[in-house]
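1. Provided below are the primary sequence and the corresponding predicted coordinates.
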Amino acid sequence: MSQVQCPNCGGYKVSTETATIDKKTGRQYSFGCYFWLCILIGLLGFLPLMYENSLGGKLSGLGIIVIFLGLPLWLVSKYSQDETTTRYNYNCLLCGKQWSWMEGDPWPAVTVQPDLIAKGEQRLKEQEEQQRMAEAAWLLNQQKRK
């Protein structure tokens, strides 16, 4: 889908975010917490190697390193394409409508409302102008400090 049309106003100025969803639970899945868990386990795996000279310490460290390498592979296989789907979260920049759509769901019916589109375009232009004015004021302030 190259351009997304807002179902509320019919405008095309829509921001999109994606989320990976577990099909079994319906919850959003994030790899971030598992990444840090793998890093922590990996670092803990090196401690016995550094501080113990015994064979037991080296074997336990090696076991933890194997877990450090195996956990990411397990996560990738567990959350493969067959067990996850993508949810698209949309936000219309013109009228403010927010909605979500998942692959396989029907696309919501679109109602074109030219008055909402015009008001949204005007509001965006005003915001851009305010941003330019704020940037110009900041630059002048920086030049005065020098």
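-> Okay, I see it.

2. For Cys9, give its distance to Ala109.
-> 13 Å (CB to CB, to the nearest Å). Any C-beta I mention is one placed from the backbone N, CA and C, and that applies to glycine too.

3. Thought Gly96 was touching Leu116, still the case?
-> No: with contact defined as CB atoms under 8 Å, Leu116 does not reach Gly96; the gap is 9.5 Å.

4. quick one: average confidence on stretch 110-130?
-> Across stretch 110-130, the average pLDDT comes to 93.

5. What are the contacting residues of it?
-> By CB atoms under 8 Å, 6 or more residues apart in numbering, the residues outside stretch 110-130 that reach it are Gln5, Cys6, Pro7, Asn8, Cys9, Gly10, Gly11, Lys13, Cys92, Leu93, Leu94, Cys95.

6. now the residues you listed in JSON lines, with neighbour count and secondary structure?
-> Formatted as JSON lines, those follow (neighbours: other CB atoms under 10 Å; DSSP: H, G, I helix; E, B strand; the rest coil):
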{"residue": "Gln5", "neighbour count": "17", "secondary structure": "coil"}
{"residue": "Cys6", "neighbour count": "28", "secondary structure": "coil"}
{"residue": "Pro7", "neighbour count": "17", "secondary structure": "coil"}
{"residue": "Asn8", "neighbour count": "19", "secondary structure": "coil"}
{"residue": "Cys9", "neighbour count": "25", "secondary structure": "coil"}
{"residue": "Gly10", "neighbour count": "17", "secondary structure": "coil"}
{"residue": "Gly11", "neighbour count": "23", "secondary structure": "coil"}
{"residue": "Lys13", "neighbour count": "17", "secondary structure": "coil"}
{"residue": "Cys92", "neighbour count": "24", "secondary structure": "strand"}
{"residue": "Leu93", "neighbour count": "17", "secondary structure": "coil"}
{"residue": "Leu94", "neighbour count": "23", "secondary structure": "coil"}
{"residue": "Cys95", "neighbour count": "18", "secondary structure": "coil"}
